[in-house]
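1. Take this sequence and fold it.
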Amino acid sequence: MNRSLTLSLATLTLALSTQAHAATFMDADWAKAACEAWNKSAALTSGLAGSAWAANNAGRGYKVIQLYRDKCGEASRVELQISDKDGKALCTYGGKVKTASLNADVDYLMNATDEDWICMGEGKFGCGAMGAMMTGKLKFKGPKGEAMGVMGPFDSFLQLTGKVPGDKATCP
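-> Predicted coordinates for the structure are as follows:
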């Protein structure tokens, strides 16, 4: 084989391998990356720390946020666990659902269409936390009053969903 063909095949193999391992939007790998991104966001780690949000965890040490895409169905949910640690709201787990039963007083379940997740992730007008909840772009179960009290960080969370790359062509 000539050198040019060998390099081309190696490049193609690497490209295909990278595509095969790219996270699907809102799959377990994506949730792990979202957890890591959460911990790099001062708006989330500081803005949701303590009694304002993260410490309201029913005494179990963490809050749960479960997310899914409408087209993929509720069975495709992923989970983030947020703990109040060292004065910060830290994501301590991101991946497949671990919490079978959510506590409506402290936990959250959110879903939307891909188009609405994109809009919220880009922070477009009308797609912030308040607008998304009021217009039904974001379907939401959980302590709404608590969420209303932390709208700034909630906006940052919705925008985080647009910053973590993920392929929307397929379902998890």
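2. Every contact and neighbour count from this point should use C-alpha atoms.
-> Will do.
3. for stretch 80-88, what is the average pLDDT?
-> Mean pLDDT, stretch 80-88: 96.
4. Just the CA atoms of that stretch, as CSV, please.
-> Taking Å, rounded to 0.1, in the frame of the first residue of the first chain, the C-alpha atoms of stretch 80-88 are listed here in CSV:
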residue,chain,number,x,y,z
LEU,A,80,-27.9,14.1,37.6
GLN,A,81,-27.4,14.0,41.4
ILE,A,82,-26.6,17.3,43.0
SER,A,83,-25.1,17.5,46.5
ASP,A,84,-24.5,20.4,48.8
LYS,A,85,-20.8,20.0,49.6
ASP,A,86,-18.2,22.4,50.9
GLY,A,87,-20.5,25.4,50.4
LYS,A,88,-21.2,24.4,46.7
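5. Could I get the buried residue list for it?
-> Buried residues in stretch 80-88, counted by 16 or more other CA atoms under 10 Å: 80, 81, 82, 83, 84, 85, 88.
6. And stretch 35-54, by the same measure?
-> 35-39, 41, 43-45, 47-50, 53-54.
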